[in-house]
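Participant: The amino acid sequence is not available; the structure is as follows:
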């Protein structure tokens, strides 16, 4: 047997074996992984992180970032877009957004299109592909989307004042979501199935912003939250108003580590693969200083 034929035969045997082992490993990671321990730490000046772990009514791993909007060095940024393009955004993972703009924390944002996920190899978008979001969006004073005028929106003024659904005279940043789930200190969430979730809320005075991600679709580890449970979590952390963001496989929460690289705080699940981060359209991030 020639050397080339021998290598072809070896690859024909090893490649399917490698794919099979990877699939088995992914399934084991998804179904056997233990829950992490609860955690609480100060990440940056004005930014605190909490990881809450629950076993009832189902396993849930909840990630909470609380941002003091008036702390020294805090500044928000929504993903920039080009209003002159029909698809104004270049798609990115949340970790790529954080790295591209030298941010310290970031969460995924609004629902978007075009999107499909037919298989591990057949999906859209990939990083850099053109996309647009469903609601109103502003980055550094430039508005680039208003496809769904009725979508709830979080607005930021230049001085970091923030509020839902009431634009400022000059909106410095704005990001929209799917629906409001807390209004005036009360849940307005509809009953839903448990899913991975992302949300953002403000306390009564609008000074403290809370970002929440609940991991889901990972049996025994974290199986997700209903919208009413998500609203209850935000109320537990003193949010007076809160908005549901794009969830499911899009849910991701990222922080800059001590070496300046991005680190996922949560366990995203794109394409049924735990830890696989989806490429999405826009994001909400913050610049911050280390203590």
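Facilitator: Received, thanks. Owing to the predicted nature of the structure, the values given are computational and were not obtained by experimental measurement.
Participant: any chance you could map the strands in the stretch 151-291 of the chain?
Facilitator: 153-156, 162-164, 173-176, 179-183, 186-187, 197-202, 208-214, 241-244, 253-256, 262-264, 269-270, 273-274, 283-287 (DSSP state E, counting those that start in this stretch).
Participant: Of those, which is nearest residue 147?
Facilitator: Judged by C-beta to C-beta, the one of the strands of the stretch 151-291 of the chain that comes nearest to residue 147 is strand 173-176, at 9.2 Å. C-beta coordinates here come from the backbone N, C-alpha and C atoms, glycine included.
Participant: Who are the packing partners of the closest one?
Facilitator: For strand 173-176, the contact count by 3 or more C-beta pairs under 8 Å, 6 or more residues apart in numbering; DSSP states H and E identifies strand 75-78, strand 136-139, strand 153-156 as packing neighbours.
Participant: Turn the strands of the stretch 151-291 of the chain into TSV, columns for distance to residue 108.
Facilitator: What follows is those, written out as TSV (distance: least, C-beta to C-beta, whole Å):
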stretch	distance to residue 108
strand 153-156	14
strand 162-164	18
strand 173-176	10
strand 179-183	16
strand 186-187	22
strand 197-202	6
strand 208-214	8
strand 241-244	12
strand 253-256	8
strand 262-264	11
strand 269-270	11
strand 273-274	17
strand 283-287	6
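Participant: Which among those is found nearest to residue 140?
Facilitator: Among the strands of the stretch 151-291 of the chain, strand 173-176 comes nearest to residue 140, with 7.2 Å by C-beta to C-beta.
Participant: if we can go back for a sec, which among the helices and strands packed on strand 173-176 is found nearest to residue 97?
Facilitator: From these, taking C-beta to C-beta, the stretch that ends up closest is strand 75-78, at 8.8 Å.
Participant: which other helices and strands contact the helix or strand just after that closest one?
Facilitator: Next helix or strand after strand 75-78 toward the C-terminus (DSSP states H and E): strand 89-90. Counting contacts by 3+ C-beta pairs under 8 Å, 6+ apart, the secondary-structure elements packed against strand 89-90 are strand 130-133.
Participant: residues of the strand it packs on that come out buried?
Facilitator: 131, 132, 133 (16 or more other C-beta atoms under 10 Å).
Participant: just stretch 170-183 next, same as before
Facilitator: By neighbour count, and taking 16+ other C-beta under 10 Å as the criterion, the buried residues in stretch 170-183 are 171, 172, 173, 174, 175, 176, 177, 178, 180, 181, 182, 183.
Participant: next one: stretch 110-118
Facilitator: In stretch 110-118, the ones that count as buried by 16+ other C-beta under 10 Å are 110, 111, 112, 115.
Participant: same thing with stretch 213-226?
Facilitator: 213, 214, 215, 216, 217, 218, 221, 222, 223, 224, 225, 226.
Participant: swap in stretch 34-42?
Facilitator: Burial within stretch 34-42, assessed by neighbour count using 16+ other C-beta under 10 Å, is assigned to residue 35.
Participant: ok so, going back, now for the strands of the stretch 151-291 of the chain, which one comes closest to residue 123?
Facilitator: Within the strands of the stretch 151-291 of the chain, the stretch nearest residue 123 is strand 269-270; the backing value is 8.4 Å (C-beta to C-beta).
Participant: Contacts made by the closest one with the rest, please.
Facilitator: Around strand 269-270, the neighbours that count as contacts under C-beta atoms under 8 Å, 6 or more residues apart in numbering are 117, 196, 215, 216, 217, 218, 249, 250, 275, 276, 277, 278.
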